[in-house]
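Chemist: Here is my input, please return the structure:
(chains A, B, C, D and E)
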Amino acid sequence: MTELINRILTGMSTTMPLTRLLITILIMVVSTAIVLAVSLLYEGFATYAERKVAGDIQARIGPNRVGPYGLLQFVADGVKLLLKEDIIPFYADRWLFIIAPYIVFTVSFAAFVPLSYSDHVSIANLNVGVLYMIAISSVVSMAILMGAWGSNNKWSLFGGMRAVAQIVSYEIPIVLSLLAAIIIPASLNLRDIIAYQSGGLGIFRWLVFNNPFTLIAFFVYFIAAIAEVNRTPFDIPEAESEIVAGYHTEYTGMRFAFFFMAEYGDMFVVSAIAATLFLGGWQIPFIGGIPMPVWLREVLQIGVFFTKVFLLIYVMMWIRWTLPRLRVDQLMELCWKYLTPIALFNLIGASVWVLLLHDKGVYDIIARVFTR
Amino acid sequence: MAGYFKKMYHSISTVLTGLGVTIKYGINPKTEVTQQYPEVKREPPDGFRGKLFVDINICTGCTACARICPVDAITLKTVRDENKKLRPVLFDIDNARCIYCGLCVEACPVDNCLYFEKKYEFSAYSKQDLISHFGLGEVKPAESKTEDKKTEAEKEGKEAAQ
Amino acid sequence: MEPKKIYGILSEKFGGKIKQFIESTLPPSVLVETGAIADVCRFLKEGDGLDFTSLMCLSGVDLKEQGKMAVVYHLHSMKQKHKITIKVELDRNNPHVQTVEQVWPGANWYEREAYDLLGIVFDGHSDLRRILLPEDWEGHPLRKDYVYPKRYHTWDV
Amino acid sequence: MGVLEDKLPDNILFTNVDKFLNWSRKNSLWYMLFATACCGIELMQTGAARYDLDRFGAIFRATPRQSDLMIVAGTITHMMADRVKRLYDQMPSPKYVIAMGSCANTGGPFYKDSYSVLKGVDKVIPVDVYVPGCPPKPEALIEGIMKLQKKIMEEKNLVKK
Amino acid sequence: MTKADEKFMQVNMGPQHPSTHGVLRLLVTTDGEVLSGVKPYIGYLHRALEKIAERVTYPQFTPFTDRLDYLASMNCNLAYAMTVEKLLNIEVPRRAQILRVIMAELNRISSHLIAFGSFSSDMGAFTPFLFGIREREFINDLFEIACGARLTYNYIRIGGVSKDIPGGFIEKTREFLDYFPAKIKEYNELLSYNAIFIKRLANIAVISPDDAFDYGITGPNLRASGIKWDLRREEPYLIYNELDFDVPVGKGEMGKTGDAWDRYMMRIYEMEQSAKIVRQCLDLLAPGDYTAKVSKVLKPPAGEVYVRAENPRGELGFYLISDGSTKPYRLKIRAPSFANLSIIPKLARGVMIADLIAIIGSMDIILPEIDR
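Modeler: Okay, here's the model as predicted:
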């Protein structure tokens, strides 16, 4: 994005600062609108997909009446939610209640920014991309607590407290397991990390196959990520059978929809991080080395990236419709007694590996043995 | 320490077993058991207890059904016609109150007079629409002697169906 | 153990407080004087060889024709596999009886139910409130002379 | 939307927008998980694999705040009636009610001799569709929901009534 | 509220709550997630069945017993019919007895399927719930063939059954029995032996045998505490003494005997045994009368009986006083769930909110039976 703006601005003859500013703002607004539209579309389809996946797993069909194969289901849901009466409970803390959904949504949307969708497509190429993602995703807990507290409902409060405890705890294994991967390319820039994973038939230089420690780190990250986005078996903040609907019990219509969409947005974000850091991002497997036109390569790369992300999202849905829910103390036990120590030892192991072998992965070693 | 890893192994293996069960359903569309209702309708079996129907022409007006009904869903009013036969001028069944228990059908002494239809979808916007009227309406009375047996299920000792 | 034998044991222990043995009911019943019920029940549970560990059922009965009310205890022993019915009769206008909650904790709710539906007061009960009907309900519906209410809150009954 | 009614002309645009709004409402009837008695089991079975209410876009929500449709499944006693009213009030409009089964319609089996059963849920909240049966078969409930969808399609939001 | 209580938060769970199995209301006193006490309030479904019984005739009351415990209508019909038969001294023909056993046991399976399903959805796993209902549909179909209704059967009448089974019923039942064991295996793989599920339930809410006696707990909940007590074995009615089946008891496989997992597992074991019983009964079925000669006007002699039968939830007892007229003088229903629920305040002390849900679910209570 910044590169794009720079390129356009340098290509322009005018030097008027105001025009330059206006053009910059225009480009930013347009690109934001595009990303917003795409992410809304994705979130709509994700809700549809969730219901279809649930249907498949539960030996039924799922939505199929609205439009072909029920594809317009999310349109109907969205329009309906938009038109619902907006209830703010009388005893609610008005301001907290009103702004919480927006914060949740903004935060989940902001996490789309540093993602690298293909070689050239990304909104902002941050050199602290990973750090930014981790930082921004923990704001969710604050917004959820705001909404929960503002609702002035005891069930909501339970949900909010649980959500904060859970998200704050699970940050630790997430960060520790991400570190185990990041130390190999030694960069926080998402594009650099992806670029590092090229070659090796397009899959063997993925960080997940780099060494045994990154493999473990991937699983630790994925489990912790499911907890981070409050999905079953870690969905205690909105556990339907225990605390009604958790932190969004009192929310109606569009405000509820924001929470709902943010959940799917978060799912995308954590899956995208997993795909970027461990599964080679937009690296095309097997045929990546063949020469092809730039536009085709870009399209393929975007396709590959989204396929990887959607596969991970499918796994999350699959897990959701299979497993029972953990209790809140067992959730903490899992985090502090299992995931955190494993991630910590794993990080030490990975560091030793890097210290001894530099950035050589298992594939590099085997390849060298065979080529010798 | 061994227990720690054993626990971990146990958790992972059982979770994977569960995931194995669900993925079998997830990828195999043949496991679907859904019957797409408005298009696919299952014929109810014989003896299905659906909506009540009265063949009013062969009804003898004995009021056995109204008396046995545990919820007073049947309102019956009979008049003696010129042949001194009891004729049901009013025979209303309140489907909103009926509990489809089948006691009235068993109590009816005439074959194929009061029976259940295989019809069960008849929701309505108004409760009045759920009352089915079967009565003959006006029947020329023999003398001016009418009998009103409207839901007198309380008459003790006279519960005999015939 | 035969019910008759249990009656024998009881009348030996409590004498005149055990009034009558009714064989026609199923299971046969023993009529106990109202004041002695808690003691009798405790003996039935803890006394040697009887082992009536569980209270199957506790029911209140309105005997309007006789101007009485009755509380009926169906007892059962899982160890000995014998059963017996204990009955007490109360004054219909002022039904009072001792609670057996301390003997069988499960009796708590049964007694509340009898209080709710028949108005039998169990003396010594820890928490005698209505259980099935709302707190502001009038009357005790299972009494034979109960008149159905016309209105409740803002709607017709 | 009552303010607009008289001022706006009855034109095609509004009719179509109206249709679209109704279409979205009808296809997204989220029902509240509100089951009191026997009909609740049939309601669950309707939502389950064999009949699958999800096909129509109807899923259950645990909280009244997020539901559009209240399926009153089962007996409502006088003690419960206040709660039913409160739950109905907590739902955001537009909201719909289906009375499922004889108990919700008229008190059903408890019409005659019961002192504690509300004789029809329409005494406390307005009912859109009555589904008869004791309990209704899942097919009958789906038919009732389809009837409600028909009713929603005929609603007028923007154009003159 | 006393001074000490002010530290705690009081939350109303129910009467409309997703997992109180109907309209149970629990006033929960909590200190954060940990409960310090629970007060059940019942009566939201009090339908005055006992009063109705005094105002309708003996045959007219049979449809009302359907609605007593609607998940096991056949068993309630059966218990009521047996009570009146005892008063009237009616001998039921053998074929009718076998038919009754078949229906009662099929209904036991379908009732336990709902218990299993709703429990799993309480625990956060929604898919097993739908699987349970899927199998239940088969049984519903069988009942629909036999008596024309899916849930409220009114099939077992005083003196026998309402009509003979139509052709095809036996074949379809056998088909179901062949299909069913594989599904039980699936339930076990999916849920029963899942580590999360076991962790949630093992050692939770242990009911000792003494407590069980004190509170009059019966049925699977009693057997889970390790007491081998089943009325079908101890006081055989119908033809149960000719049948070969086991009475499963809790052994504390995953924790202490009598914990929530044991109670849950009893139902899985009992489904297997019931299927076994139905299979034997189908073999025993010989031509004969389906009902005894019963006059249309029933006037039992004055007297009183207390008859009980083993229902899926415990012992259902009817205490019937007849004054010689056509209507019962007094009918007291001893509902198993009523007694089972009364122990909840004792069990739910010092547990967590999620455990409370597990306790209610594992007791498998049903509200119409409690409130009557």
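Chemist: Any residues of the stretch 101-250 of chain A in contact with chain D? List them.
Modeler: A:Glu240, A:Ser241, A:Val244, A:Ala245, A:His248, A:Thr249, A:Glu250 (C-beta under 8 Å from any C-beta of the partner chain). For glycine as for every other residue, the C-beta is placed from the backbone atoms N, C-alpha and C.
Chemist: May I have the secondary structure class of the residue minimising distance to the centre of chain B?
Modeler: Central residue of chain B (C-alpha atoms, centre = their mean): B:Tyr100, 3.0 Å from the mean position. Classification of B:Tyr100 using DSSP: H, G, I helix; E, B strand; the rest coil returns coil.
Chemist: hang on, isn't it packed against D:Cys134?
Modeler: Yes. Counting by C-beta atoms under 8 Å, B:Tyr100 does reach D:Cys134; the two are 5.1 Å apart.
Chemist: Need the phi and psi values for the residue in the stretch 251-372 of chain A that chain C sits nearest to.
Modeler: Nearest residue of the stretch 251-372 of chain A to chain C (C-beta to the nearest C-beta) works out as A:Thr252 at 26.9 Å. Main-chain torsions, A:Thr252, degrees, to the nearest 10: phi -120, psi 170.
Chemist: mind listing what the residue in the stretch 51-200 of chain A positioned nearest to chain E touches?
Modeler: Proximity of the stretch 51-200 of chain A to chain E (C-beta to the nearest C-beta) peaks at A:Gln58, 4.4 Å away. Residues counted as contacts of A:Gln58 (C-beta atoms under 8 Å, 6 or more residues apart in numbering or on different chains) are A:Trp321, B:Tyr25, D:Ala49, E:Phe126, E:Thr127, E:Leu130, E:Phe131.
Chemist: need these in CSV with neighbour count, secondary structure and pLDDT, can you?
Modeler: Putting the contacts of A:Gln58 into CSV (neighbours: other C-beta atoms under 10 Å in any protein chain shown; DSSP: H, G, I helix; E, B strand; the rest coil; pLDDT from 0 to 100) gives the following:
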residue, neighbour count, secondary structure, pLDDT
A:Trp321, 22, coil, 87
B:Tyr25, 23, helix, 84
D:Ala49, 25, coil, 83
E:Phe126, 21, coil, 85
E:Thr127, 26, helix, 87
E:Leu130, 26, helix, 88
E:Phe131, 28, helix, 88
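Chemist: now those residues as a markdown table including distance to C:Arg112?
Modeler: As requested, the contacts of A:Gln58 are exported to a markdown table (distance: C-beta to C-beta, whole Å):
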| residue | distance to C:Arg112 |
| --- | --- |
| A:Trp321 | 43 |
| B:Tyr25 | 47 |
| D:Ala49 | 41 |
| E:Phe126 | 36 |
| E:Thr127 | 40 |
| E:Leu130 | 38 |
| E:Phe131 | 39 |
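Chemist: With distance to chain C as added columns, please give these in a markdown table.
Modeler: Converted to a markdown table, these look like this (distance: C-beta to the nearest C-beta, whole Å):
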| residue | distance to chain C |
| --- | --- |
| A:Trp321 | 39 |
| B:Tyr25 | 43 |
| D:Ala49 | 36 |
| E:Phe126 | 33 |
| E:Thr127 | 36 |
| E:Leu130 | 34 |
| E:Phe131 | 35 |
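Chemist: Centre of the chain to stretch C:30-38, how far?
Modeler: 10 Å (C-alpha atoms, centre = their mean, to the nearest Å).
Chemist: brain fart, stretch E:117-136
Modeler: 17 Å.
Chemist: can you give me the strands in chain C?
Modeler: C:18-22, C:29-32, C:54-63, C:68-76, C:83-91, C:96-98, C:121-123, C:151-152, C:155-156 (DSSP state E).
Chemist: of those, which approaches A:Asp119 most closely?
Modeler: strand C:155-156 (70.1 Å; C-beta to C-beta).
Chemist: so for the closest one, what's the average pLDDT?
Modeler: Averaging pLDDT along strand C:155-156 gives 71.
Chemist: Ok, stretch A:70-90 next?
Modeler: 84.
Chemist: circling back to that earlier point, confidence score at the residue nearest to the centre of chain B?
Modeler: 86.
Chemist: Can you tell me the closest non-neighbouring residue to it?
Modeler: B:Arg49 (4.6 Å; C-beta to C-beta, 6 or more residues apart in numbering or on different chains).
Chemist: Just give the number of residues close to that neighbour.
Modeler: 27 (other C-beta atoms under 10 Å in any protein chain shown).
Chemist: same check, this time on the one 3 residues further on
Modeler: Neighbourhood size, B:Leu52 [other C-beta under 10 Å]: 22.
Chemist: Could I get the phi/psi values of it?
Modeler: According to degrees, to the nearest 10, B:Leu52 has phi -80, psi 140.
Chemist: Let me see the contact set for it.
Modeler: B:Leu52 neighbours (C-beta under 8 Å, 6+ apart): B:Ile93, B:Asn95, B:Cys98, B:Cys104, B:Val105, B:Leu114, B:Tyr115, B:Phe116, B:Glu117, B:Ser132.
Chemist: Ok, which of the strands of chain C comes nearest chain E?
Modeler: Once those are compared by C-beta to the nearest C-beta, strand C:54-63 is nearest, at 3.8 Å.
Chemist: Pretty sure A:Arg191 sits against A:Ala124.
Modeler: No. When contacts are counted by C-beta under 8 Å, A:Arg191 is not listed as touching A:Ala124 (10.7 Å).
Chemist: Compare neighbour counts for those two and give me the winner.
Modeler: Higher neighbour count among A:Arg191 and A:Ala124: A:Arg191, with 22 against 15, using other C-beta under 10 Å.
Chemist: between the contacts of B:Leu52, which is nearest A:Ala92?
Modeler: When those are compared against A:Ala92 (criterion: C-beta to C-beta), the nearest one is B:Asn95, at 44.2 Å.
Chemist: how far away is the residue nearest to the spatial centre of chain A from chain B?
Modeler: What sits nearest the mean C-alpha location of chain A, by C-alpha atoms, centre = their mean, is A:Val269, with 1.2 Å. Going from A:Val269 to chain B by C-beta to the nearest C-beta, to the nearest Å gives 24 Å.
Chemist: Ignoring the adjacent residues along the chain, who's closest to that residue?
Modeler: A:Ala111 is the one closest to A:Val269 (C-beta to C-beta, 6+ apart), at 4.2 Å.
Chemist: same deal with A:Leu347?
Modeler: The nearest residue in space to A:Leu347 (C-beta to C-beta, 6+ apart) is A:Ala180, at 4.9 Å.
Chemist: surely the one you found meets A:Thr214?
Modeler: Yes. When contacts are counted by C-beta under 8 Å, A:Ala180 is listed as touching A:Thr214 (5.9 Å).
Chemist: joint contacts of those two?
Modeler: Going by C-beta under 8 Å, 6+ apart, residues that sit against A:Ala180 and also against A:Thr214 are A:Ala350.
Chemist: Pick out whichever of these two has more residues nearby.
Modeler: More crowded of A:Ala180 and A:Thr214, by other C-beta under 10 Å: A:Ala180, with 31 against 26.
Chemist: Ramachandran angles for the more buried one?
Modeler: Dihedral angles (degrees, to the nearest 10) for A:Ala180: phi -60, psi -30.
Chemist: Likewise for the one 3 residues further on?
Modeler: Main-chain dihedrals, A:Ile183, degrees, to the nearest 10: phi -60, psi -20.
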